[in-house]
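K.L.:
Predicted model follows, preceded by the sequence.
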Amino acid sequence: MAFQVAGSLALKEAAKAASMALLEPVLEVQVLIPDDYLGAVLADLASRRGRVSGTEPIGTGGRTLVRAEGPEIEVTRYAIDLRSLTHGSGTFSRHYLRHEPMPTALAAKLAEVDA
């Protein structure tokens, strides 16, 4: 038992000294929506820590494709929220891109929960 406690304390001390960063998965999100809802969807993506990389009109039907990147944790309920924002007329797809460091405020919250 003493070795387990000593190992745990040593690992915590080493982690503090190494200034480790928590990483979170980042997804590419493509949202296809009617033009009427473009402002609401862009604002919603921004509130989810999303970064819009571009928009492009699709055909002549008044639809727009929005491309964005955002953390996976922020996109878990996006299907439900998008349906609500666009009254059921919006669709989206998501694909894994990479991992990025988590913002320090969120990492601190997670560290408090673990402690």
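P.N.:
Alright, I've got the coordinates.
K.L.:
Enumerate the positions of stretch 89-109 that are buried.
P.N.:
Within stretch 89-109, the residues that count as buried by 16 or more other C-beta atoms under 10 Å are 90, 92, 94, 102, 107. (C-beta placed from N, C-alpha, C; glycine too.)
K.L.:
The strand or helix carrying residue 43: what's the following helix or strand?
P.N.:
Per DSSP states H and E: residue 43 is located in helix 38-47. Scanning forward in sequence from helix 38-47 by DSSP H and E, the next helix or strand is strand 51-58.
K.L.:
So what are the sheet partners of that following strand and their directions?
P.N.:
Looking at strand 51-58 with DSSP bridges, its partner strands are strand 63-71 (antiparallel).
K.L.:
Show me what the strand it pairs with is in contact with.
P.N.:
Contacts of strand 63-71 from elsewhere in the structure, counted by C-beta atoms under 8 Å, 6 or more residues apart in numbering, are 24-35, 38, 41-42, 45, 48-58, 97, 100, 102.
K.L.:
Kindly report the same for stretch 82-95.
P.N.:
27-34, 37, 40-41, 44, 75, 78-79.
K.L.:
what distance separates that stretch from the centre of its chain?
P.N.:
Distance of stretch 82-95 from the chain centroid (C-alpha atoms, centre = their mean, to the nearest Å) equals 16 Å.
K.L.:
Distance across it, terminal residue to terminal residue?
P.N.:
When the termini of stretch 82-95 are compared using C-alpha to C-alpha, to the nearest Å, they are 17 Å apart.
K.L.:
Mind checking the pLDDT average for that stretch?
P.N.:
Average pLDDT, stretch 82-95: 90.
K.L.:
Now do the same for the most centrally placed residue in the chain: its pLDDT.
P.N.:
Taking C-alpha atoms, centre = their mean, the centroid of the chain lies closest to residue 71, which sits 1.6 Å from it. At residue 71, the model reports a pLDDT of 93.
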